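# Okay, sequence plus prediction incoming.
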Amino acid sequence: MDSNPQRMDCLMFRALVPGASTALCPRAPRASNYPGAAVRFPLPASRRSGLCCKAASDDDAATRAPGLETISAQITPVIDKFFVSDVQGDPDKPMEGFSQISEAIEAIGEGKYVVLVDGKDTGHLVMAASLITPQDAHFFVKAGSGLMYCPMSPKLLDRLRIQLMVREHGENEPTPEQAQTVSVDAKLGTTTGVSSQDRANTILALASPDSRSEHFRKPGHIYPIRTHRDGVLYRLGFAEAAMDLVTLAGLPSVAVTTHLAVQGLPELSKFAAQRGFPFIKVADLGRYMKKREKLVERTAVARLPTKWGDFKAYSYKSKLNSIEHVAYVKGDIGDGQDVLVRVHSECLTGDILGSLRCPCRDSLAHAMQRIESAGRGVLVYLRGHEGMRVGLAEKLSAYSMMDGGESIVEETAVDSRDYGIGAQILRDIGVRTMRLMTNNPAKFLGLRGYGLAVTSRIPVSRGSS
């Protein structure tokens, strides 16, 4: 790693910060006799923290001028055949070895099972709660941990007055560990609540639009989980993924899950393949949803004179975390073809305070200058990225550690959660194909999957003039 303090943020890095069963499947499409069941609705000791000043720190070959003044950009005109990863480029294409999300949605809608793998490679069996039968409940108990969970939308849980088991999180959103509610049994059609018939009836009652709070006794044998209202768009958890699957299938927003007894990707894949179950990854569902859901809304437009020239400033607000982003637009975008584009991620220390550890301020100036000269283009400024999302304090702590001789590890990953945000802003402005200003071909590999195409890449190099 280059020890030059003027280049530390030019490299994507991470600093080590201290403290920091074999039962046969009974599932076949069938109707349930329960009223309303078939109703269809349209790291402990140390951890790694990405601490580069910005997710788009793509100018890793650049050298920083000793002063804070803007230096002119030298543009290498075009690199054609811009490389796009098939996986990152198409949100509908699953990771290798996994099923299409559309297959999983179809299976859920038919009352079949799906094997869902979360970020920890833990396997979960999933089906729609509104279509469960006693045979299904028996299979879930045999194949899983013995416990059955029902991820549910907050709206449904509030209607049924089912409270969280842990309620000390205050006004903050409960963590996945805190999101389990008190257990319940249905009063109607159950005895002890333990049998497969009793469990199925309780789950059907949770999914029924006709159920009310007084129809359940607590505690019981079924464990609802309160999911986030934005599902996997907010949190890539198994509960959110399960709820999103049933919702996408057009069913009531209640799923059934259990932790599978078999674990590890090879065994989980084998388990699913032997039974013909779709085998999907939560992350794949997240990318699938990002392509289809609106993630930002435009909040204002104004003319904005700058030292480079007059631009139109478009403000956007993320529906996921309320962070505001801005796009600077020059000229008439027209048909959206062949637009000069730069996506710049926020860096307080560089963009505003003139830090010599990174080239962020110059990169921003170069892009604005280039777009002004072209007379047509867009710069998207994504906020909320300080230190690759770990925050300003940890980024500064990493600088201190580096100055003290602590070792650091290079990291080249780009935060894929932001592909959708930047892409949707560009599409809203009218961009369809673009000439992307970046030195990092991997920076926005995912743009194609959101209806955008990168026709060429324009590397930005530094000159002394």
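Thanks, I have it.

# okay, CA-based contacts and neighbour counts for the rest of this
Fine.

# A helix includes residue 136, no?
Yes - assignment of residue 136 by DSSP: H, G, I helix; E, B strand; the rest coil places it within a helix.

# what's the neighbour count on the nearest residue to residue 310 once chain neighbours are set aside?
Leaving aside its chain neighbours, residue 310 sits nearest to residue 304 (5.9 Å; criterion: C-alpha to C-alpha, 6 or more residues apart in numbering). Neighbours of residue 304 under the rule other C-alpha atoms under 10 Å: 13.

# who does residue 304 bridge with?
On the basis of DSSP bridges, residue 304 is bridged to residue 311.

# Just confirm it contacts residue 326, I think it does.
No - Residue 304 is beyond contact range of residue 326, at 11.7 Å (criterion: C-alpha atoms under 8 Å).

# Which neighbours do the two have in common?
Residues touching both residue 304 and residue 326 by C-alpha atoms under 8 Å, 6 or more residues apart in numbering: residue 313.

# Tell me the pLDDT of the residue nearest to residue 194 when sequence neighbours are not counted.
Ranked by C-alpha to C-alpha, 6+ apart and with sequence neighbours excluded, the top spatial neighbour of residue 194 is residue 221, at 6.5 Å. We have a pLDDT of 96 for residue 221.

# show me the contacts for residue 221.
For residue 221, the contacting residues are 147-148, 183-185, 193-194, 199, by C-alpha under 8 Å, 6+ apart.

# Now find how far off-centre the strand or helix carrying it is within its chain.
Assigned by DSSP states H and E, residue 221 belongs to strand 216-226. Taking C-alpha atoms, centre = their mean, to the nearest Å, one finds strand 216-226 lying 29 Å from the centre of the chain it belongs to.

# Tell me how far the residue nearest to residue 310 lies from residue 134.
Distance from residue 304 to residue 134, counting by C-alpha to C-alpha, to the nearest Å: 64 Å.

# buried stuff in stretch 214-225?
Residues of stretch 214-225 classed as buried under the neighbour-count rule (16 or more other C-alpha atoms under 10 Å) are 215-216, 220-225.

# Distance of residue 231 relative to residue 245?
10 Å.

# Show me which of those two is the more surrounded one.
More neighbours surround residue 245 than the other of residue 231 and residue 245, with 29 against 22 (other C-alpha under 10 Å).

# which ones are touching the nearest residue to the more buried one once chain neighbours are set aside?
In space, residue 245 comes closest to residue 105 once its chain neighbours are excluded; the distance is 5.8 Å by C-alpha to C-alpha, 6+ apart. Counting by C-alpha under 8 Å, 6+ apart, residue 105 touches 245-246, 248-249.

# Output the longest helix belonging to this structure.
helix 360-374 (DSSP state H).

# Show me what counts as buried in that one.
Quick answer for helix 360-374 (16+ other C-alpha under 10 Å): 360-372.

# and it, what does it pack onto?
strand 339-345, strand 377-382 (3 or more C-alpha pairs under 8 Å, 6 or more residues apart in numbering; DSSP states H and E).

# counting contacts, what elements does whichever helix or strand comes after the last one pack onto?
Scanning forward in sequence from strand 377-382, with DSSP H and E defining helices and strands, the next element found is helix 392-403. If you count contacts as 3+ C-alpha pairs under 8 Å, 6+ apart, helix 392-403 packs onto strand 13-18.

# mind checking how far residue 304 is from residue 325?
15 Å.

# can you give me the helices for the stretch 201-350 of the chain?
238-248, 265-275, 282-292 (DSSP state H, counting those that start in this stretch).

# Can I get those helices in TSV including distance to residue 138?
Below are the helices of the stretch 201-350 of the chain laid out as TSV (distance: least, C-alpha to C-alpha, whole Å):
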stretch	distance to residue 138
helix 238-248	19
helix 265-275	16
helix 282-292	25
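
# Burial-wise, tell me which of those comes out on top.
Of all those, helix 238-248 carries the top mean neighbour count, a mean of 28, counting by mean count of other C-alpha atoms under 10 Å.

# tilt between that helix and strand 216-226?
Angle, helix 238-248 to strand 216-226, by axes from the mean of the first three to the mean of the last three C-alpha atoms, to 10 degrees: 100 degrees.

# what residues does helix 238-248 touch?
So helix 238-248 is contacted by 104-105, 108-109, 116-118, 124, 126-128, 151-153, 225, 227-228, 231-232, 252-257, 282, 285 (C-alpha under 8 Å, 6+ apart).

# Take the residues you listed and keep only those in strands.
116-117, 124, 126-128, 151-152, 225, 255-257 (DSSP state E).

# Which two among those residues are spaced furthest apart?
Farthest apart among those by C-alpha to C-alpha are 117 and 152. That separation is 18.6 Å.

# Tell me where the model's unsure across the stretch 101-250 of the chain.
Scanning the stretch 101-250 of the chain for pLDDT under 70 picks out the ranges 167-178.

# And for the stretch 351-465 of the chain?
Using pLDDT under 70, the flagged stretches of the stretch 351-465 of the chain are 385-390, 407-419, 441-450, 460-465.

# Kindly provide the distance from the spatially closest residue to residue 234 that is not a sequence neighbour to residue 281.
The shortest distance from residue 234 to any non-neighbouring residue, by C-alpha to C-alpha, 6+ apart, is to residue 320 (5.9 Å). From residue 320 across to residue 281, the span is 21 Å (C-alpha to C-alpha).

# who's more crowded, these two?
residue 281 (24 against 15).

# So the more buried one sits against residue 116, correct?
Yes - between residue 281 and residue 116 there is a contact under C-alpha under 8 Å: 5.8 Å.

# Residue 364 contacts residue 352, doesn't it?
No - using C-alpha under 8 Å, residue 364 is not in contact with residue 352; the gap is 10.7 Å.

# shared neighbours of those two, which are they?
Common neighbours of residue 364 and residue 352 (C-alpha under 8 Å, 6+ apart) do not exist.
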